[in-house]
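Visitor: sequence? don't have it. structure:
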């Protein structure tokens, strides 16, 4: 899914309305460290909302602290998970997580700390580390502002572009973080992010999450007005694709063109990958397109969006050349709230209609269809695990999905949301195993400031 994810601000207003306060809060982000609350140095502005006293705590002339928290409870009810072939196809569970943070600014230096407390109930057959990691450090880094260059070292979440390759895994209970260094360089209207990191492996138990011993990520991501250009390098010493195992070294070259004009909005992104896996070469690619049109003056202010994603798969199973695209570390709910398939060997068509039912209530209806890109390759989940091998099936159609969502911004800090999804299997699923319709009801309460 190409759309970026942000969280509502403290004092949200409809896009067509005038702000109701002299001071407008920043939009809350998933990573939290990129929110700028320095404007609240003015004590009068801090009084515009009750959270202002927490967002800017002056300690001395050039030392101040910003704090906040997210408290989320999410219930998912699945029927016929993985079309009935999952170990526990019918499952109803609850995720709990708390994400407090403290952001200390000392002149041009900064220290950011965000622990996580996460747990689950009734996950069958048993909860994994992403369902609950107990108490641990999600983010913790030091940063130096050197003018045009910002240097950061430590543990941090990463969100690049629309998270097609590098995302926060925000939807599941335990987000993804990385250990390493990052440098942001400003050159006029452009910003270049240089990074060398390793993903953090979540583990069940307290304070035992560790840096991955097998995976590494490095590269450069440049953002210009309406255009992103990037190179990402990736290495996995314990990679597996199909029945083959070995070291994978993969290089990704990507470009993203995005923007808005009048009521239109668009987002187009292409990536080519090359490198080596085991004893053979890699050649893979993806192209994602999005075009949308808003109707702000029509009843319910509808917004119609159409997307087409094409992601390459392996063309021949009996050679040593790998054509399956690797999405690396993508967002957690890639194609929607119910995403049994991930962005590997897939063609996805998507259409959605968003509506503003009231100033604080929004809804959407979406329809999706999925095909295999290559008949020689199977389908994968979002982390990249093979969930249906190609077998002898020549069918390409994986299935179709419908999804409805409803969100109520009950207060500036509290959002209540629900989703209802159904994924009907296609010919490929029917020919390769259990083929029941997946149904999912999701309910969520999220308090954050």
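Guide: Looks like it came in fine. Here the structure is a predicted model, which means the values were calculated and not measured. Residues are numbered from 1 along each chain as shown.
Visitor: Report the strands that pair with the helix or strand where residue 137 lies, each with its relative direction.
Guide: Element membership for residue 137, per DSSP states H and E: strand 134-145. Its sheet considered, strand 134-145 pairs with strand 109-121 (antiparallel), strand 149-156 (antiparallel) by DSSP bridges.
Visitor: Not counting that strand itself, show me its contacts.
Guide: Applying Cβ atoms under 8 Å, 6 or more residues apart in numbering, the external contacts of strand 134-145 come out as 31-33, 99, 101, 108-119, 150-157, 175, 177, 202, 204-209. The way it works is simple: take the backbone N, C-alpha and C, and place the C-beta from them, glycine included.
Visitor: pLDDT below threshold where in this structure?
Guide: For the chain, applying pLDDT under 70 flags the ranges 1-23.
Visitor: quick one on the thing from earlier: quick check: buried residues in the strand holding residue 137?
Guide: Under the neighbour-count criterion of 16 or more other Cβ atoms under 10 Å, strand 134-145 has 134, 136, 138, 139, 140, 141, 143 buried.
Visitor: and the fourth one, what are its bridge partners?
Guide: Partner residues in beta bridges with residue 139, using DSSP bridges, are residue 114.
Visitor: roughly how far apart are the residue of the chain positioned farthest from its centre and residue 105?
Guide: Distance from the centre of the chain peaks at residue 61, with 37.6 Å (Cα atoms, centre = their mean). Separation of residue 61 from residue 105 (Cβ to Cβ, to the nearest Å) stands at 12 Å.
Visitor: I'd say residue 356 and residue 299 touch.
Guide: No: with contacts counted by Cβ atoms under 8 Å, residue 356 stays clear of residue 299, the gap being 9.6 Å.
Visitor: between those two, which one's more packed in?
Guide: Set residue 356 next to residue 299 and count neighbours by other Cβ atoms under 10 Å: residue 356 wins out with 18 against 8.
Visitor: For the nearest residue to the more buried one once chain neighbours are set aside, which three-state class applies?
Guide: Leaving aside its chain neighbours, residue 356 sits nearest to residue 301 (4.4 Å; criterion: Cβ to Cβ, 6 or more residues apart in numbering). In three-state terms, and counting by DSSP: H, G, I helix; E, B strand; the rest coil, residue 301 is coil.
Visitor: Next, residue 301: phi, psi?
Guide: Note on residue 301: backbone dihedrals following degrees, to the nearest 10 are phi 40, psi 60.
Visitor: what number of residues lie near it?
Guide: Using other Cβ under 10 Å, residue 301 has 17 other residues around it.
Visitor: who are the neighbours in contact with residue 269?
Guide: Listed by Cβ under 8 Å, 6+ apart, the contact set of residue 269 reads 2, 161-162, 164, 228, 254-258, 286-288.
Visitor: let me redo that: residue 289
Guide: Contact analysis of residue 289 by Cβ under 8 Å, 6+ apart lists 267, 268, 307, 308, 309.
Visitor: Could you give the bridge partners of it?
Guide: Beta-bridge partners, per DSSP bridges, of residue 289: residue 268, residue 308.
Visitor: do the same with residue 272
Guide: Under the criterion DSSP bridges, residue 272 forms beta bridges with residue 253, residue 285.
Visitor: Same question for residue 152.
Guide: Going by DSSP bridges, residue 152 forms beta bridges with residue 143, residue 182.
Visitor: Let me know whether it touches residue 182 as I believe.
Guide: Yes: taking Cβ under 8 Å as the definition, residue 152 is a contact partner of residue 182 at 4.7 Å.
Visitor: which residues do the two both contact?
Guide: In contact with both residue 152 and residue 182: no residue, using Cβ under 8 Å, 6+ apart.
Visitor: ok, the nearest residue to residue 149 once chain neighbours are set aside - contacts?
Guide: Nearest non-adjacent residue to residue 149, counting by Cβ to Cβ, 6+ apart: residue 185, 5.3 Å away. Contact analysis of residue 185 by Cβ under 8 Å, 6+ apart lists 148, 149, 191, 192, 193, 194.
Visitor: Among the buried residues of strand 134-145, which one lies nearest to residue 338?
Guide: residue 138 (25.4 Å; Cβ to Cβ).
Visitor: Ramachandran angles for the residue farthest from the centre of the chain?
Guide: Per degrees, to the nearest 10, the backbone of residue 61 is at phi -60, psi -40.
Visitor: go on, the one 10 residues further on?
Guide: Summarising the backbone geometry of residue 71 under the convention degrees, to the nearest 10, its torsions are phi -120, psi 110.
Visitor: now do the one 3 residues further on
Guide: Backbone geometry at residue 74, expressed as degrees, to the nearest 10, gives phi -130, psi 130.
Visitor: from here on, count from 8
Guide: OK, 8 is where the count begins now, so the last one is residue 81.
Visitor: Look up which residues are beta-bridged to it.
Guide: Beta-bridge partners of residue 81, as defined by DSSP bridges: residue 102, residue 451.
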